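1. I would like to see how this sequence folds:
(2 chains)
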There are 2 protein chains.
Amino acid sequence: MSKLRVESFTISLDGFGAGPDQTLNNPLGVGGESLHGWAIATRTFQQKVFGGEGGETGADDEIAARGFKNIGAWIVGRNMFGPVRGPWPDESWRGWWGENPVYHAPVFVLTHHARAPLVMEGGTTFHFVTDGVAVALERAREAANGKDVRVGGGVNVIQQYLRLRLIDEMHLAIAPVLLGAGERLFEGIDLPVLGYTCTQHVPSSRATHIVLSRQQAR
Amino acid sequence: MSKLRVESFTISLDGFGAGPDQTLNNPLGVGGESLHGWAIATRTFQQKVFGGEGGETGADDEIAARGFKNIGAWIVGRNMFGPVRGPWPDESWRGWWGENPVYHAPVFVLTHHARAPLVMEGGTTFHFVTDGVAVALERAREAANGKDVRVGGGVNVIQQYLRLRLIDEMHLAIAPVLLGAGERLFEGIDLPVLGYTCTQHVPSSRATHIVLSRQQAR
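-> Numbers count the residues shown, from 1 in each chain, chains lettered A, B, ... in the order given. Modelled structure (predicted):
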């Protein structure tokens, strides 16, 4: 069955999934880029995200690559799509990723403000969903056509799906950095009560990778 | 100069340093034992804590062993000393560790309830300090006679010393388990603001070891 997955989501040693004060120049918040050193080094990210050559193979890369396999649709929060807040002033913001975004699949953007779908190059279409996480998942599953749906983030979106026990598998990387402030991924989340256990643990020199899985039937 | 160090303190993936509901049979709270799998496997813990033979060598053991080096005194919270709460009903509780405790050094126990020092076998004496963490540190430093002071825990005691910027080095192990509830080590603690950075990162198959150090002058 089609799964709902979180992949390559990185948190700091002190548990933050993003730094504070996201802006156009700091899409991940202050200090947020330091989280992603492990990913940026991989061949998968160098090729898929930056469109270049090179990058490292190994444990980090294998896990990053797995995160892109069998994904038929994405769900992201509005802050992952861009720095614009409130009603859309116009159609000019088209995401952080240029005209050919990294997704190459339908992306469902959670927002309180309606907007027409945005068709990009390379197979990515951004759909703006104003009816909440459950509807977004329903539409994403349909679009994924049997493949899995990947939740890109951010913290608040992942928390909403965790609380609803809808995430089947969550790969997290714990990076050896401290952020001190920002959004804490597990704030108010009791993972064992929600049915999650740690089913994989792959340490690398750049991060500790863990997979949390739901065992019980929903 | 004599340092104040935290060593081999383990937290869960979701950031808890102990499980909830500590009792006589669950000194580490519900689920707390699962945190310490990495330590229990080491030769250092097998010999120093359990008084046996065997145990594994390797990265986990090297780090555990380092934690016992150059330690002249310890500071622990009352809940680490035992499950008794409120005024001491009598002198019968003598710690979790039998007549020859693992410390072999003066141990300063933070408590709100005075009690005469307790002299054990093997060089351990428990001193009960009712004047707070600063006085406990002063007395421990004096007793350590130039060696370092190790803070054993628990979470609340470490938090108090962190907020006062008094801890020089903190070795934490992040164990691949979820606790879901309990005491969160970094709750309300902004480590970068307090002057800490991650200065060492040693992943092993059983845990991720990190050392946080204070860089700035106090």
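2. what's downstream of the least confident helix or strand in chain A by mean pLDDT, the next helix or strand?
-> Least confident helix or strand, chain A: strand A:16-18 with a mean of 87, by mean pLDDT, DSSP states H and E. Next in sequence after strand A:16-18, counting helices and strands by DSSP states H and E, comes helix A:37-40.
3. buried ones in stretch A:116-133?
-> A:118, A:120, A:124, A:125, A:126, A:127, A:128, A:129, A:133 (16 or more other CB atoms under 10 Å in any protein chain shown). Glycine gets a C-beta too; all of them are placed from N, C-alpha and C.
4. verify the contact between the first one and residue A:97 for me.
-> Right, the one you point to is residue A:118. No - Residue A:118 is not in contact with residue A:97 according to CB atoms under 8 Å; the separation is 11.7 Å.
5. show residues contacting the least confident helix or strand of chain A.
-> Identification of contacts with strand A:16-18 by CB atoms under 8 Å, 6 or more residues apart in numbering or on different chains yields A:9-11, A:28-29, A:32, A:35, A:153-155, A:158, A:179-185.
6. residue A:121 and residue A:102 touch, don't they?
-> No - Residue A:121 is beyond contact range of residue A:102, at 11.6 Å (criterion: CB under 8 Å).
7. what count of nearby residues applies to the closest residue to chain B within chain A?
-> Chain B sits closest to residue A:203 of chain A, with a gap of 2.9 Å, by CB to the nearest CB. Neighbourhood size, residue A:203 [other CB atoms under 10 Å in any protein chain shown]: 23.
8. what bridges to it?
-> Counting by DSSP bridges, residue A:203 forms beta bridges with residue A:208.
9. now swap in residue A:16 and tell me
-> residue A:184.
10. could you find the closest non-adjacent residue to the spatially most central residue of chain A?
-> Nearest residue to the geometric centre of chain A (CA atoms, centre = their mean): residue A:152, 1.8 Å. Residue nearest to residue A:152 in three dimensions, not counting chain neighbours: residue A:76, with 4.0 Å by CB to CB, 6 or more residues apart in numbering or on different chains.
11. with residue A:106 instead?
-> residue A:143 (4.3 Å).
12. who touches the helix or strand hosting the one you found?
-> Secondary structure from DSSP H and E places residue A:143 in helix A:133-144. With contact meaning CB under 8 Å, 6+ apart, helix A:133-144 is reached by A:2, A:4, A:71-75, A:105-106, A:108, A:110, A:127, A:129, A:149, A:157, A:160-161, A:164, A:166.
13. buried subset of the residues you listed as a ChimeraX selection?
-> Buried residues among the contacts of helix A:133-144 (16+ other CB under 10 Å), as a ChimeraX selection:
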select /A:2,4,71,72,73,74,75,105,106,108,110,127,129,149,157,160,161,166
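14. may I have stretch A:49-63 exported as PDB, CA atoms only?
-> What follows is stretch A:49-63 as a C-alpha-only set of coordinates in PDB (Å, rounded to 0.1, in the frame of the first residue of the first chain):
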ATOM      1  CA  VAL A  49      19.000  19.200  -5.900                       C
ATOM      2  CA  PHE A  50      22.000  21.200  -7.200                       C
ATOM      3  CA  GLY A  51      22.000  19.700 -10.700                       C
ATOM      4  CA  GLY A  52      25.800  19.100 -10.600                       C
ATOM      5  CA  GLU A  53      28.200  16.300 -10.700                       C
ATOM      6  CA  GLY A  54      30.200  14.700  -8.000                       C
ATOM      7  CA  GLY A  55      29.300  14.300  -4.300                       C
ATOM      8  CA  GLU A  56      30.100  11.500  -2.000                       C
ATOM      9  CA  THR A  57      28.800   8.000  -2.000                       C
ATOM     10  CA  GLY A  58      28.400   5.900   1.200                       C
ATOM     11  CA  ALA A  59      25.900   5.600   4.000                       C
ATOM     12  CA  ASP A  60      24.700   9.200   3.900                       C
ATOM     13  CA  ASP A  61      24.200   8.900   0.100                       C
ATOM     14  CA  GLU A  62      22.400   5.600   0.200                       C
ATOM     15  CA  ILE A  63      19.900   7.000   2.700                       C
END
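15. need the contact partners of it.
-> By CB under 8 Å, 6+ apart, stretch A:49-63 touches A:8, A:38-39, A:41-47, A:102, A:171, A:173, A:202, A:204, A:206-207, A:209.
16. check which residues of the least confident helix or strand of chain A are buried.
-> By neighbour count on 16+ other CB under 10 Å, the buried set for strand A:16-18 is A:16, A:17, A:18.
17. tell me which parts of chain A are close to chain B?
-> A:13-15, A:31, A:172, A:174, A:176-181, A:186, A:189-193, A:196-198, A:201, A:203-205, A:208, A:210, A:212 (CB under 8 Å from any CB of the partner chain).
18. let's go with 7 Å and repeat that
-> A:13-15, A:174, A:176-178, A:180-181, A:186, A:190-193, A:196-198, A:201, A:203-205, A:208, A:210 (CB under 7 Å from any CB of the partner chain).
19. of these, buried ones?
-> The buried subset of the residues of chain A next to chain B (16+ other CB under 10 Å) comprises A:13-15, A:174, A:176-178, A:180-181, A:186, A:191, A:196, A:198, A:201, A:203-204, A:208, A:210.
20. elements contacting the helix or strand containing residue A:211?
-> Secondary-structure element containing residue A:211, defined by DSSP H and E: strand A:208-214. Judged by 3 or more CB pairs under 7 Å, 6 or more residues apart in numbering or on different chains; DSSP states H and E, the packing partners of strand A:208-214 are strand A:169-174, strand A:196-203.
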